[in-house]
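*Asks:* Sharing a sequence plus its predicted fold:
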Amino acid sequence: MESAESAITQETLKKLKDFQRNEVTEYHIYTRLSQRVKGERNREVLRRIAKDELRHYNFYKGYTQEDVEPSQRKITAFYWISRIFGLTFGLKLMEKGEERAKHVYKEVALEIPDVQHVAEEEDRHEHELLDLIEEEGLEYVSSIVLGLNDALVELTGTLAGLTFALQNTRLIALTGLITGIAASFSMGASEYLSTKAEGTDSRRAFKSSLYTWTAYLITVIALILPFLLVSNYFVSLVLTLVIGILIILVFNFYISVAKDLPFWKRFFEMSAISLGVAALSFGIGVLIRTFLGVDI
């Protein structure tokens, strides 16, 4: 390693110190989380990753011959993101930040070939270990998708149709709220029965239905809110559609990170379906109001 050290440029040395700081920062994040999470399996996974991070820190220290302080801001940020939004999401989001620095590892590897080997080993090992983390919310992601997607499609369509048919924000909100709450219970019950029919035990089927119902109800409240706060029904509808797109955006970003799924394809697909149904329902509302001669 001595010959390697003597050949290292100042620019490469600076990059090695950045790698060091990143490794020791993540070591503290994983260690701190391992002391707070529930479940021995998750604690053991986090301790194993922390051990790897410390080993890589010492590898880089062998070249820099210096200790480097961790980033306290990053430790605090990703600790709380992981506690609030889930371990898998928080830690995979943190690791995605490392993926953007892959070209830097390749540059340093031109001078120190072992760096590329360490980076690839770390990337592979961390992905393997992170996939071992058990989180209840991610186990029921299909139920959440069902509730969320159905609420977006059904309620944006319903509200769009009601907007032209009723042309009164209070009436639209009241009708939409009654429809949405009733539909949320219906969806929850349907999910329970369908999950139970697949041979799942009652406790798991109930949890599945609860996730579906909760996702549906929260989406209903978010979509109806503009009609309760804004007096102009067309402005309310536009705001509802914007909220719908934001829900799709946030949810798909979360799932794409936590489950390593493609983001844009899923986002555009859900958006196209929701907006398409809303446009169709708005047209039906126009036709009903015109042909029936309803005037409220």
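*Replies:* Received it, and whenever you're ready, just let me know what you need. Residues are numbered from 1 along each chain as shown.
*Asks:* Poorly predicted segments of the chain, please.
*Replies:* Across the chain, the ranges flagged by pLDDT under 70 are 1-7, 98-101, 132, 136-138, 285-286, 288-290, 292-296.
*Asks:* show me what contacts the spatially most central residue of it?
*Replies:* Geometric centre of the chain, nearest residue: Tyr254, 1.0 Å, by C-alpha atoms, centre = their mean. Neighbouring residues of Tyr254 by C-beta atoms under 8 Å, 6 or more residues apart in numbering: 85, 89. To be clear about C-beta, it is placed using only N, CA and C from the backbone, and glycine gets the same treatment.
*Asks:* Check which helix or strand it maps to.
*Replies:* Here Tyr254, judged by DSSP states H and E, is contained in helix 233-258.
*Asks:* cool, and Ile178?
*Replies:* Here Ile178 is assigned to helix 169-197, by DSSP H and E.
*Asks:* Help me confirm that Thr240 comes into contact with Leu229.
*Replies:* No. Using C-beta atoms under 8 Å as the test, Thr240 is too far from Leu229 to be in contact (10.9 Å).
*Asks:* all helices of the stretch 1-150 of the chain, in order?
*Replies:* 2-7, 10-34, 40-64, 72-85, 87-99, 102-109, 113-130, 136-139, 141-166 (DSSP state H, counting those that start in this stretch).
*Asks:* of the ones you listed, which approaches Leu177 most closely?
*Replies:* helix 141-166 (9.7 Å; C-beta to C-beta).
*Asks:* More neighbours: Thr240 and Leu229, which one.
*Replies:* Thr240 (25 against 11; other C-beta atoms under 10 Å).
*Asks:* quick one, what contacts the more buried one?
*Replies:* Thr240 touches 156, 159, 223-224, 226-227, counting by C-beta under 8 Å, 6+ apart.
*Asks:* mind redoing it with 6 Å?
*Replies:* 159, 223, 226 (C-beta atoms under 6 Å, 6 or more residues apart in numbering).
*Asks:* List the contacts of the residue nearest to the first one when sequence neighbours are not counted.
*Replies:* What that stands for is Leu159. Among residues not flanking Leu159 along the chain, Gly176 sits closest, at 5.2 Å (C-beta to C-beta, 6 or more residues apart in numbering). Gly176 makes contact with 158-159, 224, according to C-beta under 6 Å, 6+ apart.
*Asks:* Let me know the closest of those residues to Leu13.
*Replies:* After measuring the contacts of Gly176 against Leu13 - C-beta to C-beta - the closest member comes out as Ile224, at 58.2 Å.
*Asks:* and the closest one, what helix or strand is that in?
*Replies:* Of the helices and strands defined by DSSP H and E, Ile224 is found in helix 202-229.
*Asks:* Which parts of that helix count as buried, going by neighbours?
*Replies:* Across helix 202-229, burial judged by 16 or more other C-beta atoms under 10 Å covers 205-217, 219-220, 222-224, 226-227.
*Asks:* now swap in stretch 106-126 and tell me
*Replies:* Those would be 108-109, 111-112, 115-116, 118-119, 122, 126, for stretch 106-126 by 16+ other C-beta under 10 Å.
*Asks:* Those: which two are farthest apart?
*Replies:* Glu111 and Glu126 (24.3 Å).
*Asks:* what's the closest of the buried residues of stretch 106-126 to Phe291?
*Replies:* Scanning those for proximity to Phe291, where the rule is C-beta to C-beta, the winner is Glu126, at 61.5 Å.
*Asks:* Alright, calling it a day.
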